[in-house]
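>>> could you look at this predicted model? Sequence included:
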There are 2 protein chains.
Amino acid sequence: MGNWQDKVRRVVPYVPGEQPQRPVIKLNTNENPYPPSPAAVAVLQAADGAAFRKYPDTDATELVNAIADVYGISADQVFVGVGSDDVLGMSFLTYFASDKPVLFPDITYSFYDVWAELFRIPYRQIPLAEDFSIRTEDYFADNGGIVIANPNAPTSLALPTSEIRRIIEANRDSVVIVDEAYIDFGGESVLPMISEFDNLLVVQTFSKSRSGAGMRVGFAMGSKALIDALKAVKFAYNSYTMSTPMIQAGAAAMRDVEYMKKTTAAVVATREAFRPRLEELGFTVLPSATNFYFATHAKVPAEVIFTELKKRDIFVRFWKKPRIGNYLRITVGTDAEMEALVSALTEILKAY
Amino acid sequence: MGNWQDKVRRVVPYVPGEQPQRPVIKLNTNENPYPPSPAAVAVLQAADGAAFRKYPDTDATELVNAIADVYGISADQVFVGVGSDDVLGMSFLTYFASDKPVLFPDITYSFYDVWAELFRIPYRQIPLAEDFSIRTEDYFADNGGIVIANPNAPTSLALPTSEIRRIIEANRDSVVIVDEAYIDFGGESVLPMISEFDNLLVVQTFSKSRSGAGMRVGFAMGSKALIDALKAVKFAYNSYTMSTPMIQAGAAAMRDVEYMKKTTAAVVATREAFRPRLEELGFTVLPSATNFYFATHAKVPAEVIFTELKKRDIFVRFWKKPRIGNYLRITVGTDAEMEALVSALTEILKAY
């Protein structure tokens, strides 16, 4: 073996939640319990297979136009990618090319520091307050960019848009990314501010409220200048990131706003119905603006509950990390799945 | 407007061939004139839409296993991505992290220097010989990595595997990438050498011989150590690059080897049938091991022919670049498309 390994980039990859292939109660990766829009599935099933011999439309016009129409913005304010991870990863590469540190919370989507490490971007993780809230003033420092997940994950807490406005106003010399993966389940979007602030990028996804995690579609919205910079980097990486079938099915899913609202409302109703049930069992549950709970138990360690649930084929998420090592992140499933969860928890906690 | 633009990465993106949406004779992006495997289309049309609510299998096991089975290698020697551009781009990021220059020909796939620029990788473009062949000895210099397209594009010329072997043997301290996008139309693959050289990465695609450009599937094959390094970077960028439908349809397309061989043979037959027709018209046509011709005309400038063909809704590829500025790259279409091309060329050349 030669020394080629010396030339290889060393990284510590992000570890996604488990994706067991056998049927389990899967409350560990914040998937939507309802299927994607029937309109999207129909488009896929009726796809003209012969057309796949050709490269897709590089601009994914059909999908971009659907997003622009639904959000009432123009097509040149929209960027699409292979899930919001692709959009966010490419945004890190595009916007954070200075020597100054990018700022984001210490407890947030755990891919942010992975992207920064991958692309050798300096960064500083700012501790959340004791109650896991974001302290706006902490982001008034000199920086190379700012990333805020709103609502934040895994805390499930939403930040008022007035607070995000303060962060943007104090940071006109950096790009401010607001990762709104969970926005449709609660929080208020800062999207209306993109016409006011040309340095604000709003990132959303089809994986949560649109039940399309398996389709791999994410998108960003921002000023034309911001989107143009992102497109230039994308075209310097891969001319065609979006497959033809996903462009077509994605457009149909996006335009079916009514279905998205209906299923999202069902998830929110389940979330609120089962919150008191969890509290009765001794959990402290943070006020969630998302499709998951972030919860800690008064007596039983999170790791014990996580392990016991897994034995019963119920998967939730647990991180052995500072500050959140006694919390569980539990995706809101169907009512039936939540009943099964409550039953299992009752049994597990009885032993303590 | 603040100074956020100072922090943005400046790039000169790759310019893909035009993708006109109206029906034209499209011989400009080396797509296959035949549709993808009916088996793949059937899988897509029968897809279980409800399953798309869940994230895909991060390892794309079904697709990876299909590739491993077809090529007689093990699954841990296979990497998949969103077209070979994604695979190659990520390979540049992964393997070329030294300060030494990566080597590739001056005339080759024009994305190589774009990726090097994007990721700030030093590189040196080595001139092809006068006859557009690769001179093996030119790659015996100290380097940070080597990339060879075989057959090369846009020249269409294949390098014997014995010559590539010499390059690899002289470069055990760097990763050698052999981009075999067009291998199924002619050249001989170096795939058997991956068991011998742990620093050899072979990259192939579904976009050409498998008629799946719109599906966005590419793959790399190499030693487990090489593939592990690539996977680590991939998991540090996007946990889920392959959508569930494309994993499933891709696996079906890969396993339909017979269909691929049949359509590839048809393309090769057309290529050989129309080569003398082009020569009769005054073209010098390089010996193609691909699904395209690289041709120059004795009397009429390539740019004139390119423009005249376009007026007649026949799209071919032309680069206003040193050394190849009098050449056209013409994709091999169906017999009917090639007849239309020959007619149009006859008409155009008559005027000179």
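Yep, it's here.
>>> ends of stretch A:19-33, what's the gap?
Terminal residues of stretch A:19-33 are spaced 15 Å apart (Cα to Cα, to the nearest Å).
>>> quick one: the helices in chain A?
A:38-45, A:61-71, A:83-95, A:112-118, A:161-169, A:224-235, A:244-255, A:257-280, A:302-311, A:335-350 (DSSP state H).
>>> and those as CSV, adding distance to chain B?
(Glycine included, C-beta is placed from N, CA and C.) Putting these into CSV (distance: least, Cβ to the nearest Cβ, whole Å) gives the following:
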stretch, distance to chain B
helix A:38-45, 3
helix A:61-71, 8
helix A:83-95, 4
helix A:112-118, 5
helix A:161-169, 10
helix A:224-235, 3
helix A:244-255, 4
helix A:257-280, 10
helix A:302-311, 18
helix A:335-350, 13
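>>> save those as TSV, and put in mean pLDDT and mean neighbour count too.
Listed next are those as TSV, based on pLDDT from 0 to 100; neighbours: other Cβ atoms under 10 Å in any protein chain shown:
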stretch	mean pLDDT	mean neighbour count
helix A:38-45	95	19
helix A:61-71	98	20
helix A:83-95	98	26
helix A:112-118	97	21
helix A:161-169	98	17
helix A:224-235	97	20
helix A:244-255	97	26
helix A:257-280	98	16
helix A:302-311	98	17
helix A:335-350	98	16
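>>> and those: which comes nearest B:Ala149?
helix A:224-235 (19.9 Å; Cβ to Cβ).
>>> contact partners of the closest one?
A:58, A:74, A:76-79, A:81, A:90-91, A:93-95, A:175, A:198-201, A:220-221, A:241, B:1, B:5, B:8-9, B:11, B:13-16, B:118 (Cβ atoms under 8 Å, 6 or more residues apart in numbering or on different chains).
>>> now a ChimeraX select for only the buried ones of the residues you listed.
Per 16 or more other Cβ atoms under 10 Å in any protein chain shown, the buried members of the contacts of helix A:224-235 correspond to this ChimeraX selection:
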select /A:58,77,78,79,81,90,91,93,94,95,175,198,199,200,201,220,221,241 /B:5,8,9,11,13,14,16,118
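>>> cross the contacts of helix A:224-235 against strands and list the overlap.
In this view, these that belong to strands under DSSP state E are A:Val78, A:Phe79, A:Gly81, A:Leu200, A:Leu201, A:Ala220, A:Met221.
>>> need the max-distance pair from those.
Those two in the ones in strands among the contacts of helix A:224-235 that are separated most widely, counting by Cβ to Cβ, are A:Gly81 and A:Leu200, at 17.8 Å.
>>> can you pull the contacts of A:Gly49?
A:Gly49 is in contact with B:Pro35, B:Pro36, B:Pro38, B:Ala40, B:Val41, B:Leu44, B:Gln45, counting by Cβ under 8 Å, 6+ apart.
>>> ok, the first one touching A:Lys54?
It stands for B:Pro35. No - the criterion here is Cβ atoms under 8 Å, and B:Pro35 misses it with A:Lys54 at 9.9 Å.
>>> out of the contacts of A:Gly49, which is nearest to chain A?
Chain A lies nearest to B:Val41 out of these, by Cβ to the nearest Cβ, at 2.9 Å.
>>> ignoring the adjacent residues along the chain, who's closest to the closest one?
In space, and not counting its chain neighbours, B:Val41 is closest to A:Gly49: 2.9 Å by Cβ to Cβ, 6 or more residues apart in numbering or on different chains.
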